[in-house]
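> Build the 3D model from these lines:
(chains A, B, C and D)
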Protein chains: 2
Amino acid sequence: MKDIRARLTDLLKVGYCTPRISGLAKALKEPPATIHYNIRQLEKGTIRGYRAVFDYKNIDQGFCTYAMIHIMPDEYMNPAKIAKDLAKYPQVECIDIVTGDWDLILRVRTKDIDEYYQFVKNVLGKMRLSRVQSVPTMKQIKDEFIEIKEDMILKK
Amino acid sequence: MKDIRARLTDLLKVGYCTPRISGLAKALKEPPATIHYNIRQLEKGTIRGYRAVFDYKNIDQGFCTYAMIHIMPDEYMNPAKIAKDLAKYPQVECIDIVTGDWDLILRVRTKDIDEYYQFVKNVLGKMRLSRVQSVPTMKQIKDEFIEIKEDMILKK
DNA sequence: CATTTATTTGAATTTTATTCAACAAAATAT
DNA sequence: ATATTTTGTTGAATAAAATTCAAATAAATG
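Numbering: from 1, shown residues only, chains lettered A, B, ... in the order given. Below you'll find the model as predicted:
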């Protein structure tokens, strides 16, 4: 059997979705043509794309880690270059350039700690970074603006 | 003129989108009916929903800050309670319970630094936290798995 | 290996998005 | 103020896409 599911989720993670104009038209009580026009306008700047939201543990990305990064002194004035290189990796959910204790903050999603180790070794380990501090998430309470409801396994 | 744009973004923030079956079918070189069937299966557990991704500065949420939190010693064994209280606020994009230097990591989106100050004062300031370190994002390179393409304003 | 369950697919049908031209409203220029 | 241009709204026609369904195939199970 073809493994369509995995290929689908890969695409839906980054796009391949579209607004439901008829649904929006009904919800807002406006004609579809009006919704259509306004969405096109929003797409010129305000809407960056459309995508699916997942239960990540079902798509081999259940392990979420913050990676706080110091870049090398000689790269210090151009963190965007390193950040853009890192942005290419699909494990990377977000990258922010910050200032203070760290230079970059990444949110990385992998299947498990083993795959995260591979990411640190093969990706971060090969860039000009002077230090990486990994902070794994023990539990997510809210994600992508959506509260996560979950039963406590060990609750007695 | 009707303010359709704002009402649209409110809905698109949480849903009102759908997968593009024909696009997926072309990309994966499979018949639309097959894509349709597999997506329906994924929707039973793996896909939580579909939504738009925004350029948040255009919808009054352009200021993004990591808030690293220490909770009080007497609450230390129950961080989930505090986390769930914080999860209620719409400015909070995500909350993770971590261990190590900090107890909680929040990602908070506000219109600007003034609104963030109000959040720290009125929300964080009123909870049993022993310390909060705020790390504002200077520039986002990737967000929600989508790379941000942007011209450098000061590039010469 | 018999039976059940899950998946794939083409073709018919239904639903939805898109286009377009006319009109209306707002913004801008005179 | 008002003429002119730009932006936004909308119904109706058209084009495109999603959905359904039944038949075939593949995989899992007894």
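> CA atoms for contacts and neighbours, from now on please.
Fine.
> Spell out which parts of chain A neighbour DNA strand C.
A:1-4, A:19-23, A:32-33, A:36-37 (CA under 7 Å from any atom of the strand).
> ok, 6 Å please
Applying CA under 6 Å from any atom of the strand, we find that chain A lies next to DNA strand C at A:1-4, A:20-22, A:32-33, A:36.
> Got the domain ranges for chain A?
A:4-42, A:56-143 (automatic domain parsing).
> and A:Thr65, what does it touch?
A:107-109, A:134-137 (CA atoms under 8 Å, 6 or more residues apart in numbering or on different chains).
> Out of those residues, which is nearest to B:Asp96?
Distances from B:Asp96 to those, taken as CA to CA, are shortest for A:Thr137 (5.7 Å).
> Can you tell me the SS state at that closest one?
strand (DSSP: H, G, I helix; E, B strand; the rest coil).
> hang on, it packs against B:Ile97?
Yes. Counting by CA atoms under 8 Å, A:Thr137 does reach B:Ile97; the two are 5.9 Å apart.
> Quickly list what's touching both of those two.
In contact with both A:Thr137 and B:Ile97: no residue, using CA under 8 Å, 6+ apart.
> Residues of chain A that sit close to DNA strand D?
Residues of chain A lying near DNA strand D (CA under 6 Å from any atom of the strand): A:1, A:30-31, A:33-34, A:37-38.
> and the two most separated of these?
Distance extremes for these: the farthest pair is A:Met1 and A:Glu30 at 44.3 Å, using CA to CA.
> gap between stretch A:124-138 and the chain center?
In terms of CA atoms, centre = their mean, to the nearest Å, the centre of stretch A:124-138 is found 17 Å from the chain centre.
> quick one: is it near chain B?
Yes. For stretch A:124-138, a contact with chain B is found by CA under 8 Å from any CA of the partner chain, at A:135-138.
> remind me which residues of chain A are low pLDDT?
Counting by pLDDT under 70, chain A has low-confidence residues at A:1-2, A:150-156.
> Please enumerate the helices of it.
Listed in chain order, the helices of chain A (DSSP state H) span residues A:4-14, A:21-28, A:32-42, A:79-87, A:113-122.
> of all these, which lies closest to B:Tyr50?
helix A:4-14 (9.0 Å).
> Could the C-alpha coordinates of that closest one be exported in PDB?
Taking Å, rounded to 0.1, in the frame of the first residue of the first chain, the C-alpha atoms of helix A:4-14 are listed here in PDB:
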ATOM      1  CA  ILE A   4       0.100   8.500   1.200                       C
ATOM      2  CA  ARG A   5      -0.500   9.700   4.800                       C
ATOM      3  CA  ALA A   6       3.100  10.700   5.500                       C
ATOM      4  CA  ARG A   7       3.500  12.500   2.200                       C
ATOM      5  CA  LEU A   8       0.300  14.300   2.900                       C
ATOM      6  CA  THR A   9       1.200  15.600   6.300                       C
ATOM      7  CA  ASP A  10       4.600  16.800   5.000                       C
ATOM      8  CA  LEU A  11       2.800  19.000   2.500                       C
ATOM      9  CA  LEU A  12       0.000  20.100   4.900                       C
ATOM     10  CA  LYS A  13       2.600  21.200   7.400                       C
ATOM     11  CA  VAL A  14       3.700  24.100   5.300                       C
END
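> what does that helix contact?
With CA under 8 Å, 6+ apart as the test, helix A:4-14 has contacts from A:50-53, A:59, B:19, B:24, B:28, B:35, B:38-39, B:42, B:145-146.
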